[in-house]
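[1] Could you look at this predicted model? Sequence included:
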Amino acid sequence: MDAIDRRTTYLNTITSTFLSRGFIPVTLSSDREAIAVALDTLGLSDGPSARMIRIANTLHLERLLASETVVDAVRGHSGVEIGHAVGWQFTPDGYLADLP
């Protein structure tokens, strides 16, 4: 937040005429907190019922973590291999650990 150049941001936003694009997003102290807030604001405070996928990046989609609801939806589709269940791992300071 401190690194935002507000003058430039405002100038670009005003020039584009889409003032809503200049809103500053909510920032939180950790991935764990951000995920909890995202689920809560979507009305999904029960994390296990949420449909979530975690990928390493868009270039490597061959392995990913998926919530049980997503796994149930794709079970039996050709070309989909389902591995063993693992929980999301966080570092002690609340950031997502590397994918297994």
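    Noted; the coordinates are in hand.

[2] going forward, measure contacts and count neighbours with C-alpha atoms only.
    OK.

[3] And the pLDDT at Phe18?
    Per-residue confidence (pLDDT) for Phe18: 78.

[4] who's in contact with it?
    Phe18 makes no contacts at all, as judged by Cα atoms under 8 Å, 6 or more residues apart in numbering.

[5] can you map out the strands along the protein?
    Using DSSP state E, the strands assigned to the chain run over residues 53-57, 60-66.

[6] what's the most buried one of those?
    Comparing the strands of the chain by mean neighbour count (mean count of other Cα atoms under 10 Å), strand 60-66 comes out on top with a mean of 14.

[7] Which one, of the strands of the chain, ends up nearest to Asp72?
    strand 60-66 (9.8 Å; Cα to Cα).

[8] by contact count, what packs against that closest one?
    strand 53-57 (3 or more Cα pairs under 8 Å, 6 or more residues apart in numbering; DSSP states H and E).

[9] Provide the strand pairings for the strand it packs on, with the direction of each partner.
    Applying DSSP bridges to the sheet, strand 53-57 is found paired with strand 60-66 (antiparallel).

[10] distance between the partner strand and the chain's centre?
    14 Å (Cα atoms, centre = their mean, to the nearest Å).

[11] Return the alpha-carbon coordinates of that strand using CSV.
    Output of strand 60-66 as CSV, limited to C-alpha atoms (Å, rounded to 0.1, in the frame of the first residue of the first chain):
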residue,chain,number,x,y,z
HIS,A,60,1.8,-26.1,-15.1
LEU,A,61,-1.8,-27.4,-14.8
GLU,A,62,-1.0,-31.1,-14.8
ARG,A,63,-0.9,-31.2,-11.0
LEU,A,64,-3.2,-29.1,-8.8
LEU,A,65,-5.0,-29.2,-5.5
ALA,A,66,-8.8,-29.3,-5.6
